[in-house]
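# coordinates only, sequence not included:
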């Protein structure tokens, strides 16, 4: 693997981390939105990633992170009986999103640390390349 591939791999991982942070922020922002039906209530979203592989000369190399999409959680919504709520249905129930705040905060911390790690990988690779160029002086 070329040292220049490190920039592509870390860059794609940073893009994936950015998507993960945005999805987590969306989940946190909508965690308390109330709906009148299950269909109209916000469902937690989660990104799906895979590794990009490249085969050359019988060897398989990883060369990045691919964002396969964002899917909605199929976990049950929280159904609460609040007949005096303005958005309660005819039975007196409101639906709250299936967002787990603790999991989302852990996801946010993990994604931000992953992003920081990839920034460090890029900075270290840049310093190594510059040090290599200085050898010939």
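Nice, I can see it. All values reported here derive from a predicted model rather than from experimental measurement. Residues are numbered from 1 along each chain as shown.

# now do the longest helix along the chain: distance to the chain's middle.
As assigned by DSSP state H, the longest helix anywhere in the chain is helix 101-134. In terms of Cα atoms, centre = their mean, to the nearest Å, the gap separating the centre of helix 101-134 from the centre of its chain is 15 Å.

# may I see the buried residues of it?
104, 107, 108, 111, 114, 115, 118, 121, 122, 125 (16 or more other Cβ atoms under 10 Å). The way it works is simple: take the backbone N, C-alpha and C, and place the C-beta from them, glycine included.

# same question for stretch 66-78.
By 16+ other Cβ under 10 Å, the buried positions in stretch 66-78 come out as residue 77.

# start to end distance for it?
From its first residue to its last, stretch 66-78 covers 33 Å (Cα to Cα, to the nearest Å).

# let me see the mean pLDDT of that stretch.
What stretch 66-78 shows for mean pLDDT is 91.

# which non-adjacent residue is nearest the residue most central in space within the chain?
Nearest to the geometric centre of the chain sits residue 20, at 1.4 Å (Cα atoms, centre = their mean). For residue 20, ignoring the flanking residues on the chain, the nearest one in space by Cβ to Cβ, 6 or more residues apart in numbering is residue 111 at 4.2 Å.

# swap in residue 62?
Nearest to residue 62 is residue 51, by Cβ to Cβ, 6+ apart, at 5.0 Å.

# again with residue 74
Spatial nearest neighbour of residue 74, excluding adjacent residues (Cβ to Cβ, 6+ apart): residue 43 at 8.0 Å.

# those helices in this protein, which residues are they?
5-29, 101-134.

# and the last one with helix 5-29, angle?
The directions of helix 101-134 and helix 5-29 differ by 160 degrees, with axes from the mean of the first three to the mean of the last three Cα atoms, to 10 degrees as the criterion.
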